[in-house]
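**Q** the following block contains a protein sequence and its predicted model.
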Amino acid sequence: MTPLKVKKSLALIIALAIFVSCAAVNRLNFLSPKDEVAIGKQTAREVERSLRMYRDPIVLAYIDSLGQAMVRASALAQFQYHFKVVDAPEVNAFALPGGFLYVNRGLIKAASTESELAGVIGHEIGHVVGHHGARQISKRYGFAVLVDMIAGRGETSLAREIAAQFASFGTGLALLKYGRLAEREADAFAVQCAVNAGIDPEGVARFFQTLLTLHNSEPKGVEVWFATHPPTQARIDFVRAEIAKLPPTDGLKKTSIRFDQIRARVLARR
Ligand SMILES: [Zn+2]
């Protein structure tokens, strides 16, 4: 960086330091969309190295096409989205900053209709659109992130550390726990996104209902999702209230033959 740029950066850091002291830290995001993509990309590499990935191209193509349809239905999706499947039996899905989304094999199995699966995908897109991951990173690493990004160091040790945190579930969970307000934001987003995509938004509520039932019968299988998405009847009620706010729309799709074929394919493999 030129000395002028360094000076400008320092001034920005000081200005932000004053701002931060009186701002609500939870809403703070030090990362630009470009930074989010850089961190997301590096984290995606770590995640895909440490988790077993599901490689069936037919299943991957379906998840990608459903995911991209949801992205197209969202006016706010500023990133290029990547959808992948993790070869794990637990019911879980998560999103990294910058548009890297993961759905577990167990989640495809647990969903009984395409609208349920689309609802979860919409919820995760909502976390990306709301920059919830970037806010968590800003909250946890504070100015270290800012200094790193301003310096434009690219693949920094900090970015690597963030990537490792995300990848190692357990500690990584802290970065995926966005809080109640962010969860509501993502739920409301999922409802709107589903309707825009011509998919029945009731799937969002129904999937949460399925998760509550699973929690009683097989708590281990939904542990991670439950740790990051506190499941309550209130949450289901909130989703239904969001749906009720929308004008009635005819012809919304509940499921598809393609979904049934893909689910059968996933079930047959294990
Ligand atoms: Zn969530």
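**A** It's in.
**Q** show me where pLDDT drops low in the stretch 151-270 of the chain?
**A** Applying pLDDT under 70 to the stretch 151-270 of the chain flags the ranges 151-159, 166-174, 230-231, 270.
**Q** which stretches of it form helices?
**A** 157-167, 173-176, 180-196, 202-217, 223-228, 233-245, 257-269 (DSSP state H, counting those that start in this stretch).
**Q** of those helices, which is nearest the ion?
**A** helix 180-196 (4.9 Å; CB to the ion). No exception for glycine: its C-beta is placed from N, CA and C like everyone else's.
**Q** buried sites along the closest one?
**A** Neighbour-count burial for helix 180-196 flags 182-196 (criterion: 16 or more other CB atoms under 10 Å).
**Q** again, but for stretch 46-64
**A** Glu46, Val47, Leu51, Tyr54, Val59, Leu60, Tyr62, Ile63, Asp64.
**Q** just give me the closest of those to the ion.
**A** Val47 (16.6 Å).
**Q** Ala61 versus the nearest residue to Glu183 once chain neighbours are set aside, what's the distance?
**A** For Glu183, ignoring the flanking residues on the chain, the nearest one in space by CB to CB, 6 or more residues apart in numbering is His229 at 6.2 Å. Separation of His229 from Ala61 (CB to CB, to the nearest Å) stands at 27 Å.
**Q** likewise Cys193?
**A** 21 Å.
**Q** what ranges do the helices span in the stretch 1-150 of the chain?
**A** So, for the stretch 1-150 of the chain - with DSSP H, counting those that start in this stretch - the helices run 3-22, 33-50, 57-72, 105-110, 114-129, 132-141, 143-150.
**Q** the ones you listed: which one's closest to Asn216?
**A** Checking those against Asn216 by CB to CB gives helix 105-110 as the closest, at 13.6 Å.
**Q** still on that earlier bit, can you lay out the buried residues of stretch 46-64 as TSV showing pLDDT and distance to the ion?
**A** Formatted as TSV, the buried residues of stretch 46-64 follow (pLDDT from 0 to 100; distance: CB to the ion, whole Å):
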residue	pLDDT	distance to the ion
Glu46	83	20
Val47	85	17
Leu51	87	18
Tyr54	96	21
Val59	97	23
Leu60	98	22
Tyr62	98	22
Ile63	98	18
Asp64	98	21
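**Q** between those, which is closest to Glu242?
**A** Checking the buried residues of stretch 46-64 against Glu242 with CB to CB, the nearest one is Ile63 at 24.5 Å.
**Q** list the contacts of the closest one.
**A** Taking CB atoms under 8 Å, 6 or more residues apart in numbering, we find Ile63 in contact with Phe83, Lys84, Val85, Val103, Ile108, Ile121.
**Q** hang on, the earlier thing: now the helices of the stretch 1-150 of the chain in CSV, with distance to Asp260?
**A** Converted to CSV, the helices of the stretch 1-150 of the chain look like this (distance: least, CB to CB, whole Å):
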stretch, distance to Asp260
helix 3-22, 51
helix 33-50, 28
helix 57-72, 11
helix 105-110, 11
helix 114-129, 9
helix 132-141, 32
helix 143-150, 44
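**Q** to Asp250, which of these lies closest?
**A** helix 114-129 (15.0 Å).
**Q** show me what the mean pLDDT comes to for that closest one.
**A** For helix 114-129, the mean pLDDT works out to 96.
**Q** only C-alpha atoms, please: export stretch 87-98 in PDB.
**A** Provided in PDB are the C-alpha atoms of stretch 87-98 (Å, rounded to 0.1, in the frame of the first residue of the first chain):
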ATOM      1  CA  ASP A  87     -22.300 -36.900   2.900                       C
ATOM      2  CA  ALA A  88     -23.500 -37.000   6.500                       C
ATOM      3  CA  PRO A  89     -26.700 -38.500   8.000                       C
ATOM      4  CA  GLU A  90     -27.400 -35.700  10.400                       C
ATOM      5  CA  VAL A  91     -30.200 -33.200   9.400                       C
ATOM      6  CA  ASN A  92     -28.300 -30.000   8.800                       C
ATOM      7  CA  ALA A  93     -27.700 -27.200   6.300                       C
ATOM      8  CA  PHE A  94     -25.400 -24.200   6.600                       C
ATOM      9  CA  ALA A  95     -24.200 -21.200   4.600                       C
ATOM     10  CA  LEU A  96     -20.800 -19.500   4.500                       C
ATOM     11  CA  PRO A  97     -20.400 -15.800   3.800                       C
ATOM     12  CA  GLY A  98     -20.400 -15.000   0.100                       C
END
